[in-house]
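# Below are the sequence and a predicted model; questions follow.
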Amino acid sequence: MAGFDDLASERSKAQFDVEEMKVIWAGSRHTLEVSDRISRLVANDPVFRKDTRTMLSRKDLFKNTLRKAAHAWKRIIELRLSEEEAAELRFYVDEPAFMDLHWGMFIPTIKGQGTEEQQQKWLPLAYKMKIIGCYAQTELGHGSNVQGLETTATFDPQTDEFIIHSPTLTSSKWWPGGLGKVSTHAVVYGRLIIDSKDYGVNGFIVQLRSLDDHLPLPGITIGDIGMKFGSGAYNTMDNGVLRFDHVRIPRDQMLMRVSQVTREGKLVQSNVPWQLVYGTMVYVRQKIVSDASCALSRAVCIATRYSAVRRQFGLQSNGIETQVIDYKTQQSRLFPLLASAYAFRFVGEWLKWLYMDVNQRLQASDFSTLPEAHACTAGLKSLTTSATADGIEECRKLCGGHGYLCSSGLPELFAVYIPACTYEGDNIVLLLQVARFLIKTVSQLGSGKEPVGTTVYMGRVEQLMQCHCAVQKGFLELSADLVQAAVAHCQLIVVSKFIEKLQQDIPGKGVKGQLEALCNIYALFILHKHLGDFLSTGCITPKQASLANAQLRSLYSQVRPNAIALVDAFNYTDHYLSSVLGRYDGNVYPKLYEEAWKDPLNDSVVPDGYQEYIQPILKQQLRNARL
Ligand SMILES: CCCCCCCC/C=C\CCCCCC(=O)SCCNC(=O)CCNC(=O)[C@H](O)C(C)(C)COP(=O)(O)OP(=O)(O)OC[C@H]1O[C@@H](n2cnc3c(N)ncnc32)[C@H](O)[C@@H]1OP(=O)(O)O
Ligand SMILES: Cc1cc2nc3c(=O)[nH]c(=O)nc-3n(C[C@H](O)[C@H](O)[C@H](O)COP(=O)(O)OP(=O)(O)OC[C@H]3O[C@@H](n4cnc5c(N)ncnc54)[C@H](O)[C@@H]3O)c2cc1C
């Protein structure tokens with residue numbers, strides 16, 4: 001069987017221990033064991049099938065998502081899964097849904113911004129799913145500009161309550177995931193008003209729906225904001241709209257770790273930076289970086305396996321055409337994406353460490369690394385999601401026409417993934433935050449602080465900053481060129497963290513050698529892509545640029561025999577890949593043909609509508625022809 005033999009032959013060429021690379025990719029033997037076991041549990045459960053998603057109406061799609069979420073929760077309880085195993089199960093169910101926001105934002109917000117008492121009250125309810133929460137920050141009129149939010153939370157000293165209100169149409173909460181049809185509660189971000197004075201944006205826990213009949217509570221208008229990009233895709237998520245008409249909540253439902261409001265209506269600032277109100281966004285951004293490596297590796301796995309199965313032109317002496325993976329143009333498009341997937345994996349590991357380190361420091365009232373954590377999570381979220389969204393589209397193109405079929409898995413992966421460039425912070429807005437951080441850092445460099453990083457990459461950042469760094473008055477005046485410096489800074493971090501990974505103990509025959517090749521491919525690919533920066537800032541000479549290009553091409557040849565094994569190391573099930581082109585067995589053509597007939601359009605040989613619309617035309621033509 002052609003495809004199967006091709007992939008079997010490719011796997012026999014591997015020059016490294018794939019099982020050990022699986023451990024590197026997973027992060028540890030324990031994590032590999034958990035993800036392997038849970039991914040197969042999901043793959044073997046018919047409730048979690050994904051192949052019909054693009055054929056369902058929005059209402060049927062959403063109802064099926066609720067069915068899956070309920071079944072997932074049931075399995076978590078039945079099997080007594082740990083928090084880690086439960087997170088893995090939600091990940092491999094692979095369907096954006098309210099659970100992502102309940103576990104990924106609502107609970108972390110209460111943990112990060114609630115007092116001890118508030119955590120003790122609300123977390124048990126949330127962990128046991130007695131309430132379902134979402135994160136309601138963005139409004140119809142404001143998303144990036146958090147300080148521009150209009151929802152008000154006015155303290156009423158008569159009743160010891162906050163009055164939550166939507167004063168304008170643009171103050172309607174708009175986009176929060178899980179809000180539209182499912183969540184019973186929300187963390188609502190609104191302007192704290194005490195005695196007519198505006199104290200800026202804070203978080204408030206608000207119940208939205210009755211726990212008895214799920215109807216919206218008095219003063220609450222709530223619904224879904226409508227269909228989003230692509231069929232299936234993110235339409236499994238009920239992104240919602242929410243308006244308040246003077247809804248009253250007890251004073252103790254304002255999240256008060258950062259600021260407290262006393263019974264007398266006095267605002268007391270605690271000793272933590274007010275920016276902790278933004279803390280959830282830092283947490284989610286670091287998770288999104290890890291998710292980028294998953295999404296990109298998934299697309300690269302599909303495109304790499306298919307590129308080894310697909311043969312086109314180049315008839316060889318044995319009468320067989322050439323595998324498209326052997327074309328240098330295919331390698332120059334595909335292998336940098338393979339290297340990027342590994343690079344994002346390792347920078348995501350580091351970012352997770354940075355986030356945990358910042359949190360531990362916060363416990364000790366050490367806020368010194370919070371600005372760097374914000375800049376790194378913002379910048380790396382922006383860099384990795386933009387590269388991943390572009391990379392998934394490139395993988396679709398690498399698969400030719402079949403990449404455009406839903407059965408390839410790539411169109412839906414693209415449609416689900418691309419909002420990552422916008423949610424949790426628009427990517428340009430976040431790069432401007434990094435630019436601000438760099439300006440402040442450069443201004444402090446005079447104090448003898450030396451930047452650290454790889455020379456050429458570091459030089460590029462420094463030079464770009466020198467070229468573009470003016471005294472900026474505020475966020476809005478930052479020049480587009482500074483965004484370039486911010487990207488350069490983030491690429492420096494990615495390369496540096498890949499190099500640091502290689503300095504760790506890396507067991508397994510040939511594993512370190514493959515990772516070194518991928519690290520060099522990533523670094524030289526970025527250098528090639530931004531050659532203008534490196535040349536214009538004098539970081540490299542034209543001769544060096546040409547040598548770098550030659551080295552890049554030679555590295556592609558080094559990776560070529562290992563490409564299939566390098567994507568096998570992601571250890572993805574066919575269920576998770578959900579792609580005929582990316583099947584582990586390479587049995588592409590028979591499965592493509594089989595999938596076609598499953599389309600409802602093929603339920604009848606003569607299509608519905610023929611008699612009404614087509615036959616009259618044909619008959620008329622026939623009559624005309626006889627005249
Ligand atoms: C969910 C699980 C994760 C898995 C993901 C995959 C699953 C898919 C399912 C769901 C995922 C979807 C989730 C999406 C959820 C959302 O989208 S929630 C809404 C997100 N919204 C944003 O990100 C808004 C973006 N805007 C901002 O962050 C801020 O408004 C701003 C930083 C752009 C501007 O802040 P602002 O206060 O208006 O002005 P500045 O002067 O720039 O900042 C003031 C100072 O505060 C510092 N700072 C800003 N942000 C942070 C932060 N996050 N942490 C710490 N510090 C921060 C900033 O540096 C300034 O400090 P200095 O004055 O010292 O310079
Ligand atoms: C699928 C999805 C899920 C979401 N889930 C949630 C959720 O659960 N909870 C929640 O609260 N929100 C959620 N959001 C909202 C999301 O956080 C916002 O869309 C995001 O923060 C961007 O804000 P915005 O849409 O208002 O865009 P805007 O801020 O209006 O940006 C529009 C354009 O203007 C540019 N721009 C804006 N400001 C500047 C500036 N200062 N300088 C230069 N350019 C600028 C931006 O770069 C962008 O190109 C979700 C969004 C999506 C798409």
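Ah, there it is. Ligands and ions are numbered 1, 2, ... in the order given.

# What parts of the stretch 51-200 of the chain come near ligand 2?
Leu101, Tyr135, Ala136, Gln137, Thr138, Gly143, Ser144, Trp175, Pro176, Gly177 (Cβ under 6 Å from any ligand atom). All C-beta atoms are positioned from the backbone trio N, CA, C, and that covers glycine.

# The same query, at a cut-off of 5 Å, please.
By Cβ under 5 Å from any ligand atom, the residues of the stretch 51-200 of the chain that approach ligand 2 are Tyr135, Gln137, Thr138, Gly143, Ser144, Trp175, Pro176, Gly177.

# Now restrict those residues to buried residues only.
Listed as buried from those are Tyr135, Gln137, Thr138, Gly143, Trp175, Pro176, Gly177; burial here means 16 or more other Cβ atoms under 10 Å.

# what's the nearest residue to the third one if we skip its chain neighbours?
For Thr138, ignoring the flanking residues on the chain, the nearest one in space by Cβ to Cβ, 6 or more residues apart in numbering is Trp175 at 4.6 Å.

# wait, isn't the one you found in contact with Gly143?
Yes: assessed by Cβ atoms under 8 Å, Trp175 is found in contact with Gly143 at 7.2 Å.

# Let me see the contact set for Gly391.
Counting by Cβ atoms under 8 Å, 6 or more residues apart in numbering, Gly391 touches Leu296, Ala299, Val300, Leu337, Ser340.

# Pick out the most distant pair among those.
Maximum pairwise distance in the contacts of Gly391, criterion Cβ to Cβ, is 10.7 Å, between Ala299 and Ser340.

# returning to that earlier point: out of the residues of the stretch 51-200 of the chain next to ligand 2, who's near ligand 1?
Residues of these in contact with ligand 1 (Cβ under 5 Å from any ligand atom): Gln137, Ser144.

# ok, how many other residues are close to the residue lying closest to Gln316 once chain neighbours are set aside?
With Cβ to Cβ, 6+ apart as the criterion, Gln316 has its nearest non-adjacent residue at 6.6 Å, and that residue is Thr322. Neighbours of Thr322 under the rule other Cβ atoms under 10 Å: 14.

# now swap in Asp585 and tell me
Counted with other Cβ under 10 Å, the neighbours of Asp585 add up to 14.

# where does it land in three-state SS?
coil (DSSP: H, G, I helix; E, B strand; the rest coil).

# Thought Asp6 was touching it, still the case?
No: proximity of Asp585 to Asp6 does not meet the contact threshold set by Cβ under 8 Å, at 10.4 Å.

# Test my guess that Ala69 contacts Ala97.
Yes: Ala69 lies in contact with Ala97 (Cβ under 8 Å); the separation is 5.4 Å.

# Give the residues shared as contacts by these two.
Between them, Ala69 and Ala97 share no contacting residue, judged by Cβ under 8 Å, 6+ apart.

# on that earlier part again, check the residues of the stretch 51-200 of the chain next to ligand 2 and tell me the two furthest apart.
Maximum distance among these (Cβ to Cβ): 17.4 Å, for Ser144 and Gly177.

# and Thr388, what is it in contact with?
Counting by Cβ under 8 Å, 6+ apart, Thr388 makes contact with Ala292, Ala295, Leu296, Ser340, Phe344, Tyr417, Ala420.

# show me what contacts the last one?
Spelled out, that is Ala420. By Cβ under 8 Å, 6+ apart, Ala420 lies in contact with Ile288, Asp291, Ala292, Ala295, Thr385, Thr388, Ala389.

# nearest spatial neighbour of the first one, skipping sequence neighbours?
With sequence-adjacent residues excluded and distances taken as Cβ to Cβ, 6+ apart, Ile288 is closest to Lys381, at 5.1 Å.

# so which helix or strand takes in the one you found?
Remark: Lys381 resides in helix 370-398, with elements defined by DSSP states H and E.

# Show me which of Ala299 and Ser340 is the more surrounded one.
Neighbour tally, Ala299 and Ser340, criterion other Cβ under 10 Å: the higher count belongs to Ala299, 30 against 26.

# May I have the secondary structure class of the more buried one?
Three-state assignment for Ala299 (three-state DSSP): helix.

# neighbours around the nearest residue to it once chain neighbours are set aside, how many?
Sequence neighbours aside, Cys395 is the residue nearest to Ala299 in space, at 3.9 Å (criterion: Cβ to Cβ, 6+ apart). As a burial measure, Cys395 scores 30 neighbours (other Cβ under 10 Å).

# Which elements pack onto the longest helix along the chain?
Of all segments of type helix in the chain, defined using DSSP state H, the longest is helix 328-363. Contact here means 3 or more Cβ pairs under 8 Å, 6 or more residues apart in numbering; DSSP states H and E; on that basis helix 328-363 packs against helix 279-309, helix 370-398, helix 480-502, helix 511-529, helix 542-559, helix 563-568.

# mind putting those helices in a markdown table, distance to ligand 1 included?
Below are these laid out as a markdown table (distance: least, Cβ to the nearest ligand atom, whole Å):
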| stretch | distance to ligand 1 |
| --- | --- |
| helix 279-309 | 4 |
| helix 370-398 | 4 |
| helix 480-502 | 13 |
| helix 511-529 | 23 |
| helix 542-559 | 29 |
| helix 563-568 | 22 |
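
# okay, these in CSV with mean pLDDT next?
CSV is the format used below for the helices and strands packed on helix 328-363 (pLDDT from 0 to 100):
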stretch, mean pLDDT
helix 279-309, 96
helix 370-398, 97
helix 480-502, 94
helix 511-529, 97
helix 542-559, 96
helix 563-568, 98
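
# Looking at these, spot the one closest to Lys228.
helix 370-398 (15.0 Å).

# close to ligand 2, is the closest one?
No: figure legend: helix 370-398 not in contact with ligand 2 (Cβ under 5 Å from any ligand atom); closest approach 10.3 Å.

# Closest one of the residues of the stretch 51-200 of the chain next to ligand 2 to Leu89?
Using Cβ to Cβ, those come closest to Leu89 at Gly177, 18.7 Å.

# Contact partners for the closest residue to that closest one other than its chain neighbours?
In space, and not counting its chain neighbours, Gly177 is closest to Leu101: 4.4 Å by Cβ to Cβ, 6+ apart. Residues near Leu101 by Cβ under 8 Å, 6+ apart: Gly133, Cys134, Tyr135, Pro176, Gly177, Gly178, Ser183.

# what about the residue in the chain that ligand 1 sits nearest to, how many residues close to it?
The nearest approach of the chain to ligand 1 comes at Gly104, 2.5 Å away (Cβ to the nearest ligand atom). Residues contacting Gly104 under the criterion other Cβ under 10 Å number 20.
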